[in-house]
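K.L.:
Quick one: sequence and predicted model below, then my questions.
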Amino acid sequence: MFENSLKYGMNAVLIKCSDLIDNIDFVQFVDDKEKRTVLLKKYELFLEMTKYMIGTTGIFNELESKVIAFQD
């Protein structure tokens, strides 16, 4: 999905980013620590893949902040 959004450009990446922001709050309800770790890795991968394209946007920073908060 991440690669597809990159193919379709900045708007697709921003939409995917907003989708991830909406979904990340559900990570707290995952009881299995290993599954939670896998989910957070997915978010980190998205951030790595898209930083060059949207890394200076507020929406990117919002997702990045939420990912960091869940890691603590």
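P.N.:
Sure thing, it's come through.
K.L.:
Tell me which other helices or strands the strand or helix carrying residue 41 touches.
P.N.:
According to DSSP states H and E, residue 41 maps onto helix 33-54. If contacts are counted by 3 or more C-beta pairs under 8 Å, 6 or more residues apart in numbering; DSSP states H and E, helix 33-54 sits against helix 2-8, helix 10-24, helix 58-71. Every residue, glycine included, has its C-beta placed from N, CA and C.
K.L.:
Dump these to a markdown table, plus mean pLDDT and distance to residue 49.
P.N.:
Output for the helices and strands packed on helix 33-54, formatted as a markdown table (pLDDT from 0 to 100; distance: least, C-beta to C-beta, whole Å):
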| stretch | mean pLDDT | distance to residue 49 |
| --- | --- | --- |
| helix 2-8 | 93 | 5 |
| helix 10-24 | 96 | 9 |
| helix 58-71 | 95 | 11 |
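K.L.:
so how far is the helix holding residue 41 off the chain centroid?
P.N.:
Helix 33-54 sits 5 Å away from the centroid of its parent chain (C-alpha atoms, centre = their mean, to the nearest Å).
K.L.:
What of stretch 16-31?
P.N.:
Its chain's C-alpha centre and that of stretch 16-31 lie 8 Å apart, by C-alpha atoms, centre = their mean.
K.L.:
in that stretch, what counts as buried?
P.N.:
Going by neighbour count (16 or more other C-beta atoms under 10 Å), the buried part of stretch 16-31 is 16-17, 20-21, 24, 27.
K.L.:
What's the end-to-end length of that stretch?
P.N.:
Using C-alpha to C-alpha, to the nearest Å, one end of stretch 16-31 lies 25 Å from the other.
K.L.:
contact partners of that stretch?
P.N.:
1-2, 5, 36, 39-40, 43, 46, 50, 54, 59-60, 62-63, 66-67, 70 (C-beta atoms under 8 Å, 6 or more residues apart in numbering).
K.L.:
sorry, back to before: could the helices and strands packed on helix 33-54 go into JSON lines alongside distance to residue 32?
P.N.:
Conversion of the helices and strands packed on helix 33-54 to JSON lines gives the following (distance: least, C-beta to C-beta, whole Å):
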{"stretch": "helix 2-8", "distance to residue 32": "23"}
{"stretch": "helix 10-24", "distance to residue 32": "17"}
{"stretch": "helix 58-71", "distance to residue 32": "14"}
